[in-house]
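J.: Compute the structure for the input listed below.
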Amino acid sequence: MLNKVILNETSMAEKQQAPSFIEKAWQSTCRIMLGREIGPIDAYEQYLWKFVEPYSFEKSALSGKTVVVTGDYEKGSKFISGDELQGYSEMVEKRKLDINSIKDIDSILEALGERFYYSGNDILGNSGQAVLSNRVVDSTYVYKAHDVFYSKYVAYTYLSKYSEYIFGGHSVGKGTHFAAKAFETYESSRIWEGVHIYLSQDCIYSANMENCQNCLFCFNLRSARRCIGNLELPAEKFAALKEKLQTDIADTLESKHTAISIVEIIGKGN
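T.: Okay, here's the model as predicted:
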(Lines give C-alpha, C1' and ligand atoms only; values in the text may rest on other atoms or scores of the structure.)
Protein backbone atom coordinates (compact mmCIF):
# COMPACT_ATOMS: atom_id res chain seq x y z
CA MET A 1 0.00 0.00 0.00
CA LEU A 2 1.20 3.50 -0.79
CA ASN A 3 1.36 6.39 1.58
CA LYS A 4 0.44 9.59 -0.20
CA VAL A 5 -1.87 11.16 -2.71
CA ILE A 6 -0.23 12.65 -5.78
CA LEU A 7 -1.37 16.27 -5.89
CA ASN A 8 -1.09 18.57 -8.87
CA GLU A 9 0.49 21.76 -7.49
CA THR A 10 -1.39 23.92 -9.97
CA SER A 11 -4.76 22.81 -8.65
CA MET A 12 -6.48 24.28 -5.62
CA ALA A 13 -9.16 21.59 -5.57
CA GLU A 14 -7.27 19.39 -3.14
CA LYS A 15 -7.32 22.25 -0.60
CA GLN A 16 -11.06 22.71 -0.52
CA GLN A 17 -13.01 22.18 2.66
CA ALA A 18 -14.74 18.83 3.12
CA PRO A 19 -18.47 18.91 2.35
CA SER A 20 -20.85 19.10 5.30
CA PHE A 21 -22.21 15.61 4.66
CA ILE A 22 -18.72 14.13 5.08
CA GLU A 23 -17.94 16.29 8.11
CA LYS A 24 -21.09 15.13 9.91
CA ALA A 25 -20.43 11.48 9.05
CA TRP A 26 -16.83 11.81 10.32
CA GLN A 27 -17.94 13.32 13.60
CA SER A 28 -20.51 10.53 14.08
CA THR A 29 -17.84 7.89 13.46
CA CYS A 30 -15.45 9.54 15.96
CA ARG A 31 -18.14 9.63 18.64
CA ILE A 32 -18.94 5.97 18.08
CA MET A 33 -15.33 4.77 17.97
CA LEU A 34 -13.47 7.15 20.28
CA GLY A 35 -16.22 8.39 22.54
CA ARG A 36 -16.02 12.00 21.37
CA GLU A 37 -15.37 14.26 18.43
CA ILE A 38 -11.73 15.14 17.69
CA GLY A 39 -12.08 18.06 15.30
CA PRO A 40 -12.76 18.63 11.61
CA ILE A 41 -11.81 15.94 9.13
CA ASP A 42 -9.73 18.37 7.06
CA ALA A 43 -7.10 18.36 9.80
CA TYR A 44 -6.66 14.60 9.37
CA GLU A 45 -6.30 14.44 5.60
CA GLN A 46 -2.67 13.28 5.60
CA TYR A 47 -3.34 10.77 8.37
CA LEU A 48 -6.33 9.30 6.56
CA TRP A 49 -4.57 9.10 3.18
CA LYS A 50 -1.51 7.35 4.57
CA PHE A 51 -1.19 3.78 3.23
CA VAL A 52 -4.16 4.27 0.89
CA GLU A 53 -3.67 3.78 -2.87
CA PRO A 54 -3.10 7.27 -4.33
CA TYR A 55 -4.87 9.11 -7.10
CA SER A 56 -3.86 12.32 -8.84
CA PHE A 57 -5.41 15.61 -9.84
CA GLU A 58 -5.06 16.59 -13.49
CA LYS A 59 -6.55 19.25 -15.73
CA SER A 60 -9.14 18.64 -18.41
CA ALA A 61 -7.70 19.25 -21.87
CA LEU A 62 -11.13 20.48 -22.93
CA SER A 63 -12.20 22.79 -20.11
CA GLY A 64 -9.33 23.12 -17.66
CA LYS A 65 -11.47 21.80 -14.80
CA THR A 66 -9.93 19.56 -12.16
CA VAL A 67 -10.02 15.85 -13.05
CA VAL A 68 -9.44 13.06 -10.53
CA VAL A 69 -7.68 10.14 -12.22
CA THR A 70 -6.60 6.73 -10.99
CA GLY A 71 -3.48 4.90 -12.15
CA ASP A 72 -0.17 5.73 -13.80
CA TYR A 73 -0.03 7.55 -17.12
CA GLU A 74 2.76 8.57 -19.45
CA LYS A 75 3.96 12.14 -19.31
CA GLY A 76 1.97 14.34 -21.63
CA SER A 77 -1.23 12.27 -21.44
CA LYS A 78 -4.46 14.21 -21.90
CA PHE A 79 -7.49 13.96 -19.68
CA ILE A 80 -11.16 14.86 -19.70
CA SER A 81 -13.85 14.74 -17.07
CA GLY A 82 -16.45 11.98 -17.31
CA ASP A 83 -19.17 14.57 -17.85
CA GLU A 84 -17.33 15.85 -20.94
CA LEU A 85 -17.58 12.64 -22.94
CA GLN A 86 -20.27 14.03 -25.22
CA GLY A 87 -18.14 17.04 -26.10
CA TYR A 88 -15.12 14.80 -26.62
CA SER A 89 -17.09 12.52 -28.97
CA GLU A 90 -18.25 15.48 -31.03
CA MET A 91 -14.70 16.83 -31.23
CA VAL A 92 -13.25 13.52 -32.39
CA GLU A 93 -16.00 13.10 -34.95
CA LYS A 94 -15.04 16.40 -36.57
CA ARG A 95 -11.34 15.54 -36.75
CA LYS A 96 -11.03 13.33 -39.82
CA LEU A 97 -7.69 11.81 -40.78
CA ASP A 98 -6.23 13.29 -43.96
CA ILE A 99 -4.34 11.45 -46.68
CA ASN A 100 -0.96 12.25 -45.11
CA SER A 101 -2.06 10.70 -41.83
CA ILE A 102 -2.77 7.29 -43.31
CA LYS A 103 0.27 6.75 -45.48
CA ASP A 104 1.88 4.29 -43.05
CA ILE A 105 1.40 2.73 -39.62
CA ASP A 106 3.56 5.29 -37.81
CA SER A 107 1.58 8.17 -39.28
CA ILE A 108 -1.73 6.56 -38.37
CA LEU A 109 -0.66 5.86 -34.80
CA GLU A 110 0.66 9.40 -34.38
CA ALA A 111 -2.55 10.92 -35.70
CA LEU A 112 -4.76 8.68 -33.59
CA GLY A 113 -2.65 9.31 -30.52
CA GLU A 114 -3.54 12.99 -30.66
CA ARG A 115 -7.18 11.99 -30.24
CA PHE A 116 -6.76 9.76 -27.18
CA TYR A 117 -7.86 11.31 -23.90
CA TYR A 118 -8.15 9.53 -20.57
CA SER A 119 -11.33 9.98 -18.57
CA GLY A 120 -11.52 10.84 -14.87
CA ASN A 121 -14.23 12.09 -12.51
CA ASP A 122 -16.21 9.02 -13.58
CA ILE A 123 -19.42 9.05 -11.54
CA LEU A 124 -21.65 6.28 -12.83
CA GLY A 125 -25.03 4.66 -12.24
CA ASN A 126 -27.30 5.96 -9.51
CA SER A 127 -24.64 8.09 -7.80
CA GLY A 128 -24.86 11.53 -6.25
CA GLN A 129 -22.95 13.97 -4.06
CA ALA A 130 -19.57 12.59 -5.18
CA VAL A 131 -16.92 15.30 -4.89
CA LEU A 132 -13.33 15.08 -6.20
CA SER A 133 -13.72 11.35 -6.71
CA ASN A 134 -13.30 8.84 -9.51
CA ARG A 135 -14.86 5.52 -10.54
CA VAL A 136 -17.87 5.86 -8.28
CA VAL A 137 -20.74 3.47 -9.02
CA ASP A 138 -24.19 3.62 -7.41
CA SER A 139 -22.79 5.45 -4.39
CA THR A 140 -23.62 8.71 -2.59
CA TYR A 141 -21.87 11.15 -0.26
CA VAL A 142 -18.34 10.44 -1.48
CA TYR A 143 -15.35 12.75 -1.08
CA LYS A 144 -11.77 12.36 -2.29
CA ALA A 145 -12.12 8.63 -2.90
CA HIS A 146 -11.86 6.26 -5.83
CA ASP A 147 -13.23 2.89 -6.82
CA VAL A 148 -16.31 3.19 -4.64
CA PHE A 149 -19.17 0.80 -5.34
CA TYR A 150 -22.64 0.68 -3.74
CA SER A 151 -21.47 2.65 -0.71
CA LYS A 152 -22.20 5.93 1.07
CA TYR A 153 -20.36 8.36 3.31
CA VAL A 154 -16.89 7.46 2.07
CA ALA A 155 -13.80 9.70 2.15
CA TYR A 156 -10.04 9.31 1.58
CA THR A 157 -10.56 5.70 0.56
CA TYR A 158 -9.56 3.35 -2.23
CA LEU A 159 -11.89 0.45 -3.06
CA SER A 160 -15.04 0.30 -1.00
CA LYS A 161 -17.94 -2.04 -1.73
CA TYR A 162 -21.36 -2.14 -0.04
CA SER A 163 -20.05 -0.13 2.91
CA GLU A 164 -20.99 2.99 4.89
CA TYR A 165 -19.13 5.59 6.96
CA ILE A 166 -15.64 4.72 5.73
CA PHE A 167 -12.63 7.01 6.22
CA GLY A 168 -9.06 6.33 5.15
CA GLY A 169 -9.84 2.77 4.06
CA HIS A 170 -8.23 0.41 1.58
CA SER A 171 -10.02 -2.68 0.21
CA VAL A 172 -13.07 -2.22 2.41
CA GLY A 173 -15.41 -5.13 1.75
CA LYS A 174 -19.12 -5.78 1.87
CA GLY A 175 -20.95 -5.01 5.07
CA THR A 176 -18.35 -2.74 6.67
CA HIS A 177 -19.76 0.16 8.70
CA PHE A 178 -18.19 2.95 10.77
CA ALA A 179 -14.53 2.37 10.03
CA ALA A 180 -11.44 4.58 9.99
CA LYS A 181 -8.07 3.38 8.75
CA ALA A 182 -9.43 -0.06 7.90
CA PHE A 183 -7.53 -2.27 5.48
CA GLU A 184 -9.19 -5.38 4.07
CA THR A 185 -12.47 -5.94 5.86
CA TYR A 186 -15.64 -7.95 5.39
CA GLU A 187 -18.98 -7.89 7.23
CA SER A 188 -17.49 -5.92 10.12
CA SER A 189 -18.41 -2.75 11.95
CA ARG A 190 -16.87 -0.17 14.25
CA ILE A 191 -13.20 -0.44 13.34
CA TRP A 192 -10.38 2.02 13.99
CA GLU A 193 -6.98 1.02 12.63
CA GLY A 194 -7.58 -2.56 11.55
CA VAL A 195 -6.11 -4.99 9.03
CA HIS A 196 -7.91 -8.14 7.89
CA ILE A 197 -10.99 -7.75 10.06
CA TYR A 198 -13.64 -10.30 9.10
CA LEU A 199 -17.08 -10.86 10.65
CA SER A 200 -16.07 -8.78 13.68
CA GLN A 201 -17.20 -5.73 15.62
CA ASP A 202 -15.56 -3.09 17.80
CA CYS A 203 -11.92 -3.74 16.88
CA ILE A 204 -9.31 -1.03 17.51
CA TYR A 205 -5.67 -1.33 16.52
CA SER A 206 -6.05 -4.99 15.69
CA ALA A 207 -5.16 -7.32 12.82
CA ASN A 208 -6.10 -10.74 11.48
CA MET A 209 -9.33 -10.99 13.46
CA GLU A 210 -12.29 -13.21 12.61
CA ASN A 211 -15.61 -13.47 14.42
CA CYS A 212 -14.34 -11.26 17.26
CA GLN A 213 -15.96 -8.55 19.37
CA ASN A 214 -14.52 -5.80 21.52
CA CYS A 215 -10.81 -6.34 20.88
CA LEU A 216 -8.11 -3.67 21.24
CA PHE A 217 -4.47 -4.10 20.29
CA CYS A 218 -5.12 -7.74 19.44
CA PHE A 219 -3.69 -9.96 16.73
CA ASN A 220 -4.49 -13.31 15.12
CA LEU A 221 -7.59 -14.12 17.16
CA ARG A 222 -10.69 -16.16 16.34
CA SER A 223 -14.04 -15.89 18.17
CA ALA A 224 -12.53 -13.74 20.92
CA ARG A 225 -14.44 -11.37 23.21
CA ARG A 226 -13.39 -8.48 25.45
CA CYS A 227 -9.66 -8.72 24.80
CA ILE A 228 -6.88 -6.16 25.17
CA GLY A 229 -3.45 -7.25 24.00
CA ASN A 230 -4.91 -10.72 23.33
CA LEU A 231 -5.82 -11.03 27.04
CA GLU A 232 -9.48 -11.71 27.77
CA LEU A 233 -10.79 -9.58 30.63
CA PRO A 234 -13.87 -9.51 32.88
CA ALA A 235 -16.57 -7.17 31.59
CA GLU A 236 -16.06 -4.35 34.14
CA LYS A 237 -12.26 -4.40 33.89
CA PHE A 238 -12.44 -4.44 30.10
CA ALA A 239 -14.89 -1.53 29.95
CA ALA A 240 -12.70 0.68 32.14
CA LEU A 241 -9.51 -0.05 30.20
CA LYS A 242 -11.25 0.35 26.85
CA GLU A 243 -12.53 3.78 27.83
CA LYS A 244 -9.05 4.86 28.93
CA LEU A 245 -7.43 3.63 25.72
CA GLN A 246 -10.07 5.33 23.59
CA THR A 247 -9.38 8.57 25.44
CA ASP A 248 -5.63 8.17 24.90
CA ILE A 249 -6.12 7.62 21.17
CA ALA A 250 -8.49 10.58 20.89
CA ASP A 251 -6.11 12.83 22.85
CA THR A 252 -3.17 11.87 20.61
CA LEU A 253 -5.10 12.46 17.41
CA GLU A 254 -6.60 15.72 18.58
CA SER A 255 -3.22 17.14 19.61
CA LYS A 256 -1.11 15.83 16.70
CA HIS A 257 -3.68 15.17 13.97
CA THR A 258 -1.92 11.87 13.35
CA ALA A 259 -1.00 8.65 15.12
CA ILE A 260 0.95 5.49 14.46
CA SER A 261 -0.92 3.23 12.07
CA ILE A 262 -1.71 -0.44 12.51
CA VAL A 263 0.17 -0.92 9.22
CA GLU A 264 3.31 0.50 10.82
CA ILE A 265 2.86 -1.60 13.95
CA ILE A 266 2.66 -4.77 11.87
CA GLY A 267 5.68 -3.68 9.85
CA LYS A 268 7.79 -3.26 12.98
CA GLY A 269 6.97 -6.83 13.98
CA ASN A 270 8.40 -8.30 10.77
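
J.: Would you double-check that residue 242 falls in a strand?
T.: No - remark: residue 242 does not belong to a strand; assigned using DSSP: H, G, I helix; E, B strand; the rest coil, it is helix.

J.: contacting residues for the closest residue to residue 230 other than its chain neighbours?
T.: Closest residue in space to residue 230, ignoring its immediate chain neighbours: residue 218 at 5.1 Å, by C-beta to C-beta, 6 or more residues apart in numbering. All C-beta atoms are positioned from the backbone trio N, CA, C, and that covers glycine. Counting by C-beta atoms under 8 Å, 6 or more residues apart in numbering, residue 218 makes contact with 203, 206, 209, 212, 224, 227, 228, 229, 230.

J.: distance of residue 218 from residue 188?
T.: Distance, residue 218 to residue 188, using C-beta to C-beta, to the nearest Å: 14 Å.

J.: now the contacts of residue 218: which count as buried?
T.: 203, 206, 209, 212, 224, 227, 228 (16 or more other C-beta atoms under 10 Å).

J.: which residues does the first one form a beta bridge with?
T.: If I follow you right, that is residue 203. Residues in a beta bridge with residue 203, per DSSP bridges, are residue 191, residue 215.

J.: Identify the residues contacting it.
T.: If you count contacts by C-beta under 8 Å, 6+ apart, residue 203 has them with 188, 190, 191, 192, 194, 197, 209, 212, 215, 216, 218.

J.: count of residues packed around the third one?
T.: Looking back up the chat, that one is residue 191. Residue 191 has 31 neighbouring residues, counting by other C-beta atoms under 10 Å.

J.: for stretch 148-168, the distance to its chain's centre please.
T.: In terms of C-alpha atoms, centre = their mean, to the nearest Å, the centre of stretch 148-168 is set 7 Å apart from its chain centre.

J.: An error on my part: the question was meant for stretch 17-24.
T.: The chain centroid and the centroid of stretch 17-24 are separated by 15 Å, computed with C-alpha atoms, centre = their mean.

J.: Among the buried ones among the contacts of residue 218, which ones are in helices?
T.: Using DSSP state H, the subset of the buried ones among the contacts of residue 218 located in helices is empty.

J.: The residues you listed into a markdown table, with extra columns for distance to residue 176?
T.: Formatted as a markdown table, those follow (distance: C-beta to C-beta, whole Å):
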| residue | distance to residue 176 |
| --- | --- |
| 203 | 11 |
| 206 | 14 |
| 209 | 13 |
| 212 | 15 |
| 224 | 19 |
| 227 | 21 |
| 228 | 23 |
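
J.: In these, find the pair that's most separated.
T.: 209 and 228 (13.2 Å; C-beta to C-beta).
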